[in-house]
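**Student:** The amino acid sequence is not available; the structure is as follows:
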C-alpha cells in the first residue's frame, strides 16, 4: 500500500503498516447519503483488519478478556474473536445464528487464510455505494 498511496496515507507500525486517520476516521472512509463507506471496498487493497472490523481475531486469548466466550474454531484452527464494543453499529447481546454460522466463520477465514472476498462481513449499503464510487490511484505515491 505504501507504493500505491505513499507515506501520507500509510504509516509504518511495529506490527505492520497502518492506514492514517483523518481525525477519528480512516483516510478512505467517506460519508454518502448518511452512510459510511470505505473507498477500498471490493478491492484487493482493503486490509484484513478493516475487512473484519468491528471484530478482532487473535490466535491467543487477549489479556483481561473473556477467552471462553471468544473462542472459535475453523477446521483445526483455534482463534479468539472479539468485538469492539465502541463501534456504534454493533448491538451487544446474545449472538444470532447469522453471526455464529455466517459472519464468524468468514472472520476466521479472513484472519487465518487472508481471504480477500467478503460476503457476510460487509454491509449491502457499503457494497452499493462503493460500486458507484471510483478510486483514482495516483501514478506515483503521495510522499
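**Tutor:** Sure, I can see it. Everything quoted here is computed from the prediction, not taken from an experiment. Numbers count the residues shown, from 1 in each chain.
**Student:** what's the neighbour count on residue 6?
**Tutor:** Applying other Cβ atoms under 10 Å, we find 14 residues neighbouring residue 6. For the C-beta atoms, the positions are set from N, CA and C on the backbone; glycine is no exception.
**Student:** actually residue 105, not the one I wrote
**Tutor:** Residues lying near residue 105 (other Cβ under 10 Å) number 16.
**Student:** I'd assumed residue 74 was in contact with it.
**Tutor:** Yes: using Cβ atoms under 8 Å, residue 105 is in contact with residue 74, at 6.2 Å.
**Student:** pLDDT (mean, whole number) over stretch 122-135?
**Tutor:** Across stretch 122-135, the average pLDDT comes to 49.
**Student:** Check the separation of the first and last residues in stretch 57-69.
**Tutor:** 13 Å (Cα to Cα, to the nearest Å).
**Student:** Run the chain-centre distance for the longest strand seen in the chain.
**Tutor:** Counting residues, the longest strand in the chain under DSSP state E turns out to be strand 77-83. Remark: strand 77-83 is offset 14 Å from the chain centroid, using Cα atoms, centre = their mean, to the nearest Å.
**Student:** What is the subsequent helix or strand relative to it?
**Tutor:** Counting by DSSP states H and E, the next helix or strand C-terminal to strand 77-83 is helix 97-98.
**Student:** what about the chain, any weak spots by pLDDT?
**Tutor:** 1, 15-16, 64-65, 123-143 (pLDDT under 70).
**Student:** if we can go back for a sec, mind giving me the packing neighbours of the longest strand of the chain?
**Tutor:** Judged by 3 or more Cβ pairs under 8 Å, 6 or more residues apart in numbering; DSSP states H and E, the packing partners of strand 77-83 are strand 55-58, helix 67-70, strand 71-74, helix 104-113.
**Student:** nearest to residue 40, of those?
**Tutor:** Among these, helix 104-113 comes nearest to residue 40, with 14.3 Å by Cβ to Cβ.
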